[in-house]
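S.K.: return a 3D structure for these sequence lines:
(chains A and B)
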Amino acid sequence: MIDLNLLRENPEAIKVSQRARRADESLVDQAIAADNANRAALREFETLRAEQNAFGKTVAAAPKEEKQALVAQAQEMAAKVKAADAAATAAAEELNALLWQIENVVMTDVPAGGEDDYVVVKEVGTKRAFDFEPKDHADLGTSLDIIDIERGVKISGSRFYFLKGMGARLELAMMNLALDKAAAAGFTALITPTLVRPEIMAGTGFLGAHADEIYYLPADELYLTGTSEVALAGYHRDEIIEGLGDGTHRYAGWSTCYRREAGSYGKDTKGILRVHQFNKLEMFVYTLPELAEQEHKKLLAWQEEMLQACELPYRVIYTAAGDLGSSAAAKYDAEAWVPSQETYRELTSTSNCTTFQARRLNVRYRREDGKTAPVATLNGTLATTRWLVAILENHQQADGSVRIPEALRPYLGGQEFIHPKAGA
RNA sequence: GGAGAAUUCGCCUAGUGGCCUAUGGCGCACGCUUGGAAAGCGUGUUGGGUGCAAGCCCUCAAGGGUUCGAAUCCCUUAUUCUCCGCCA
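M.R.: The predicted structure follows:
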């Protein structure tokens, strides 16, 4: 939720932001009007209620013979209070509905525009020059007998797969490396629930424009999460986090992630680049608002460290406003080079949600003056199943084997290569 | 899934329609005391909104209802616990 004070003091800043996102800026004016109406309704109610409370004492204290007349008067008063209460509730709901539709105010350095208007921040590593025709990861997965898409489809339909043998072990090795790096950086590991209540889903900002991306279980009124960010953001819901001034709270959440991929028919249909179910280790940070930007840089640095440990060539882009999630004020994506496609594909994403998400989920900290204020939240990917695509393709050898990056070997009993199965 | 009990300000707790504008204890903070500490004593201690302030409004799991008036009575929901059933 956007800051109500900002709406009152500088609505133009919000409008500029909505414009950059190509979102509906008329919402801002509607929200200002609703705010004024809400305040007036609330004052009206409070005045009437104060009168009623005072009169109630008179009634209680009155001798029996006078009571009947006083009660008649009180009845009238009660009716007015009830009407004012209903009006105030309605006004508050209207304001709230508008506030929840306005997206986060973007950082001033975020480029305006859509998906293609990103800025390339840097390119790191060397794209390998192959002296043979590189295979794509799906073919490698088959010849190495480590990804079984056919059987995934047989039991669950398109975009499902099995990771098998060294494929399964490679993913777990990568996750363990990521977990170790996260622990060293001060993250607390969490294995999170993947089914969450509607208010948590809404609070994290995932039930907006892209709600059809999400699996829903109507019989239980629960959503299957597309990222552990949802559970991690909800973790401190309705809490005042003590001691946040002394240290940022960092969590590394591991979970299976579920995405419907509605509207992506025909896109990335081969292999496991775009699937309905995958695993992810997600970093999530609660920090002071003034530390958020600096923390965002740190999250990006940890992601790069992990990409480098996997020996992948990658670039970092700074996403344009229109391509940000509704909660994000700024976002960096790291994209790895995928040789079979001769293009960069997104492996990580890190967003600074400033105080937007915390306001919706009511997560606060105590300031030095004793008042409470919303915290800032940030998130970023540390490893996902999709990384296997880049690892397999970038480290394949002429003989059809795949070299395992050194950093992963300790988690695989020192094994250096994955060899094709006999006869493949 | 079935039966029962419970949910009050960090924790424990009092509270059966109006002096509840919520009791007491623990913990915590500050002060007095002390050479220093403990003990003792005193003061403060749910959170939110609004206001320069005094104050006022909301908040006793959530939502609705009854009533002039609800922590208290009624309904719905959530959560927790106990027992039974099932189960990795």
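S.K.: tell me how many other residues crowd whichever residue of the stretch 101-250 of chain A sits closest to RNA strand B.
M.R.: The minimum distance from the stretch 101-250 of chain A to RNA strand B, using C-beta to the nearest atom of the strand, falls at residue A:240 (6.6 Å). Quick note: C-beta positions are derived from backbone N, CA and C, even for glycine. Neighbour count for residue A:240, taken as other C-beta atoms under 10 Å: 14.
S.K.: okay, the residue located most distally from the centre of chain A: pLDDT?
M.R.: The outermost residue of chain A relative to its centre, with distances by C-alpha atoms, centre = their mean, is residue A:65 at 64.7 Å. pLDDT recorded at residue A:65 is 73.
S.K.: now the element after the host helix or strand of it, going C-ward?
M.R.: Using DSSP states H and E, the element containing residue A:65 is helix A:64-101. For helix A:64-101, the following helix or strand on the C-terminal side (DSSP H and E) is strand A:119-124.
S.K.: can you give the contact residues for that next one?
M.R.: Contact partners of strand A:119-124, identified using C-beta atoms under 8 Å, 6 or more residues apart in numbering, comprise A:111, A:304, A:307-308, A:313-318, A:320, A:332.
S.K.: run the chain-centre distance for it.
M.R.: 23 Å (C-alpha atoms, centre = their mean, to the nearest Å).
S.K.: give the partner strands of that strand in its sheet and their orientations.
M.R.: Under the criterion DSSP bridges, strand A:119-124 sits next to strand A:314-318 (antiparallel) in its sheet.
S.K.: re earlier: roughly how far does the residue farthest from the centre of chain A sit from RNA strand B?
M.R.: 14 Å (C-beta to the nearest atom of the strand, to the nearest Å).
S.K.: can you check residue A:353 too?
M.R.: Distance from residue A:353 to RNA strand B, by C-beta to the nearest atom of the strand: 20 Å.
S.K.: what's the answer for residue A:362, then?
M.R.: Taking C-beta to the nearest atom of the strand, one finds residue A:362 at 9 Å from RNA strand B.
S.K.: which bits of chain A sit near RNA strand B?
M.R.: A:42, A:45-46, A:49-50, A:52-54, A:56-57, A:59-60, A:71, A:74-75, A:77-78, A:81, A:89, A:240, A:364, A:371-372 (C-beta under 7 Å from any atom of the strand).
S.K.: for PyMOL, write a command that selects the buried ones of those.
M.R.: Burial among the residues of chain A next to RNA strand B is assessed by 16 or more other C-beta atoms under 10 Å; the matching PyMOL selection reads:
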select buried, chain A and resi 42+45+49+52+74+81+364
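S.K.: and the helices in chain A?
M.R.: A:4-9, A:11-20, A:26-61, A:64-101, A:137-143, A:149-156, A:166-184, A:198-203, A:229-234, A:292-309, A:356-361, A:387-394 (DSSP state H).
S.K.: can you tell me which of those helices the model trusts least?
M.R.: Taking the mean pLDDT of those, helix A:198-203 comes last: a mean of 80.
S.K.: return the set of buried residues in that helix.
M.R.: Here helix A:198-203 shows A:200-203 as buried, counting by 16+ other C-beta under 10 Å.
S.K.: among these, which one sits closest to residue A:98?
M.R.: residue A:202 (14.9 Å; C-beta to C-beta).
S.K.: quick one: contacts for the nearest residue to the residue of the stretch 101-250 of chain A closest to RNA strand B once chain neighbours are set aside?
M.R.: Leaving aside its sequence neighbours, residue A:240 sits nearest to residue A:364 (C-beta to C-beta, 6 or more residues apart in numbering; 4.9 Å). Contacts for residue A:364 (C-beta under 8 Å, 6+ apart) come out as A:239-241, A:358, A:372-375.
S.K.: and the nearest residue to residue A:167 once chain neighbours are set aside, how far from residue A:109?
M.R.: Closest residue to residue A:167 apart from its sequence neighbours, by C-beta to C-beta, 6+ apart: residue A:146 at 3.0 Å. Distance, residue A:146 to residue A:109, by C-beta to C-beta, to the nearest Å: 42 Å.
S.K.: thanks a lot, see you next time.
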